[in-house]
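> Generate a structure from the sequence data that follows.
(chains A, B and C)
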Amino acid sequence: MSNFSVANATDTTTTGQLTIATRFIPFSTAGEGHIVNITQELEDLLADTRLDAGTATVFAPGATAAITTLEFEPGVVQDFQRLFDQIIPREQGYEHNVRLGDGNGHSHCRAGLLGPSLVIPFTNGRFTLGTWQAVCFVCFDNVPRDRKVVVQFMGV
Amino acid sequence: MSNFSVANATDTTTTGQLTIATRFIPFSTAGEGHIVNITQELEDLLADTRLDAGTATVFAPGATAAITTLEFEPGVVQDFQRLFDQIIPREQGYEHNVRLGDGNGHSHCRAGLLGPSLVIPFTNGRFTLGTWQAVCFVCFDNVPRDRKVVVQFMGV
Amino acid sequence: MSNFSVANATDTTTTGQLTIATRFIPFSTAGEGHIVNITQELEDLLADTRLDAGTATVFAPGATAAITTLEFEPGVVQDFQRLFDQIIPREQGYEHNVRLGDGNGHSHCRAGLLGPSLVIPFTNGRFTLGTWQAVCFVCFDNVPRDRKVVVQFMGV
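Okay, the predicted model is just below:
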């Protein structure tokens, strides 16, 4: 099936019963800025719903992870990880670490800044993502974790 | 009622008439990075809607406030406030302050970076939040304000 | 028609068939932090849908642009552009530039940090935006581009 092309996209309007499909994508993360590309899993889940138009809400449960989109190539991945090392360094003191002792104060700040939710429209059964735009789960925690990202489709 | 547990969550699919419930949470803020935990208010409003599955869009009206999620304990709150003092200092010159004289140029930059909207899925009548993940309104303005956050539930 | 006033807003609940209207706003951008105010276009599109309550998802396709809200006056625009020059400087080395040679490593990091999606509730046919809150498309790419932003209305 062909990818979405925003250049050729046309207006559509649909009315009908709402379908809500709530799904979960499980994976393990290495922590400390590990970025997981979940685009293919999202596309497979969307195809399974057989929905034509609507939105997918991608949500990271937990206070040390976030969702965004990136061109998923090793250079951008490395640059994006360095960005957080620069603006929210792991080494500077954190009150969270003083109080709770788990050493992930930087993880909480990074996750809160990037944010846990992303909403992606789809139309004609395709996400409106750009050609090189991948949906990425970013694990900021300081230890490896088993994760589940929530994906909720709402549409017709 | 038990909390949501992503580890035990299962896929669900529902179809039906769409219900849209628009609500407002009023509170006062002290300004300059005051963080208000609105998770309990959101859970109470969700219970009142009696909706089973869908999304809540949490939106901060105004150009000097933002919404995110954080572990709401005093250490993280203090660390997150310091983050904005470091990357968007109040004291450096702002063109906004030169032009309008209200001294909140940093507030506008901070709010624009963090962003005014958050979308949280719910399923089986529960938000898919992690155990320690609180929904937070962050007031970046330089003066105390009366605020109302918009919460719009869409679901079945 | 009068603007939305959050101070006077009241709770509403509606149930009905879901309408999904997918629209596209085309424009050209100059790149390097060019900020385009698309609020009027969004309001015109909302009026055309004749929807009363729901959400608009505003989405930037591509990996070098983002969506947020700002007070759209020249001072804030200049301050917001400088923020990204400060925290994600164009001049420092990027692995993306080493690998692909297109010189927009900073663009990818900036877009990923700010994020491509924004969700705005509307009620009584009006967006719940604050008086000075404008919806802004931020083009971080290093060259001028023809762009289309996706706007998907879901509501009753």
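
> Not including adjacent chain positions, what is the nearest residue to A:G125?
Nearest non-adjacent residue to A:G125, counting by C-beta to C-beta, 6 or more residues apart in numbering or on different chains: A:D52, 5.7 Å away. C-beta coordinates here come from the backbone N, C-alpha and C atoms, glycine included.

> Now for that neighbour, how many residues are close by?
Under the neighbour criterion other C-beta atoms under 10 Å in any protein chain shown, A:D52 is assigned a count of 16.

> Using the three-state scheme, assign it.
Classification of A:D52 using DSSP: H, G, I helix; E, B strand; the rest coil returns coil.

> what about it, distance to A:Q81?
37 Å (C-beta to C-beta, to the nearest Å).

> picking that back up, pretty sure the residue nearest to A:G125 is touching A:P121, no?
No. Judged on C-beta atoms under 8 Å, A:D52 makes no contact with A:P121 at a distance of 11.8 Å.

> So what are the sheet partners of the helix or strand hosting A:T15 and their directions?
Here A:T15, judged by DSSP states H and E, is contained in strand A:12-16. The strands beside strand A:12-16 in its sheet (DSSP bridges) come out as strand C:18-29 (antiparallel).

> right, and the helix or strand after the strand it pairs with?
The helix or strand immediately downstream of strand C:18-29 is strand C:34-37, counting by DSSP H and E.

> does any bit of that following strand sit next to chain B?
No. Applying C-beta under 8 Å from any C-beta of the partner chain, one finds strand C:34-37 separated from chain B by no less than 9.6 Å.

> elements contacting that strand?
helix C:74-87, strand C:134-139 (3 or more C-beta pairs under 8 Å, 6 or more residues apart in numbering or on different chains; DSSP states H and E).

> neighbouring contacts of it?
Applying C-beta atoms under 8 Å, 6 or more residues apart in numbering or on different chains, the external contacts of strand C:34-37 come out as C:27, C:29, C:70, C:72, C:77, C:80-81, C:134-139, C:147.

> at 6 Å instead, please
With contact meaning C-beta atoms under 6 Å, 6 or more residues apart in numbering or on different chains, strand C:34-37 is reached by C:F27, C:F72, C:V77, C:A134, C:C136, C:F137, C:V138, C:C139.

> Starting from it, tell me which strands it pairs with and how they run.
Counting by DSSP bridges, the strands paired with strand C:34-37 are strand C:134-139 (antiparallel).

> mean confidence score for the partner strand?
Taken as a whole, strand C:134-139 carries a mean pLDDT of 98.

> do stretch A:36-46 as well
Averaging pLDDT along stretch A:36-46 yields 98.

> And for stretch A:4-17?
Here stretch A:4-17 scores 91 as its mean pLDDT.

> Restrict it to CA atoms and write it as CSV.
The C-alpha trace of stretch A:4-17 is given here as CSV (Å, rounded to 0.1, in the frame of the first residue of the first chain):
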residue,chain,number,x,y,z
PHE,A,4,0.5,9.0,2.7
SER,A,5,1.6,12.0,0.6
VAL,A,6,0.6,15.4,2.1
ALA,A,7,1.3,17.0,-1.3
ASN,A,8,-1.5,14.9,-2.9
ALA,A,9,-3.9,14.9,0.1
THR,A,10,-7.5,16.0,-0.4
ASP,A,11,-10.1,17.1,2.1
THR,A,12,-12.4,14.4,3.4
THR,A,13,-15.5,14.5,5.6
THR,A,14,-17.1,11.4,7.2
THR,A,15,-19.9,10.9,9.6
GLY,A,16,-20.7,7.7,11.5
GLN,A,17,-20.6,5.7,14.7
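
> List the buried residues in stretch A:17-37.
Neighbour-count burial for stretch A:17-37 flags A:18-25, A:29, A:31-36 (criterion: 16 or more other C-beta atoms under 10 Å in any protein chain shown).

> Sorry, wrong one. I was asking about stretch A:63-77.
Counting neighbours by 16+ other C-beta under 10 Å, stretch A:63-77 gives A:63-73, A:75-77 as buried.

> Near chain C, which residues of chain A are found?
A:6, A:9, A:11-15, A:18, A:53-55, A:68-71, A:75-76, A:78-80, A:83, A:87, A:118-119, A:121, A:123, A:128, A:130, A:132-133, A:156 (C-beta under 6 Å from any C-beta of the partner chain).

> Give me the buried subset of these.
In those, burial by neighbour count holds for A:6, A:9, A:18, A:53-55, A:68-71, A:75-76, A:78-80, A:83, A:87, A:118-119, A:121, A:123, A:128, A:130, A:133, A:156, counting by 16+ other C-beta under 10 Å.

> what ranges of chain A fall below the confidence cut-off?
Scanning chain A with the threshold set as pLDDT under 70 gives A:1-3.

> how about the most centrally placed residue in it, phi and psi?
Residue closest to the mean C-alpha point of chain A, counted by C-alpha atoms, centre = their mean, is A:I67 at 3.0 Å. Phi and psi for A:I67, reported as degrees, to the nearest 10, are phi -130, psi 140.
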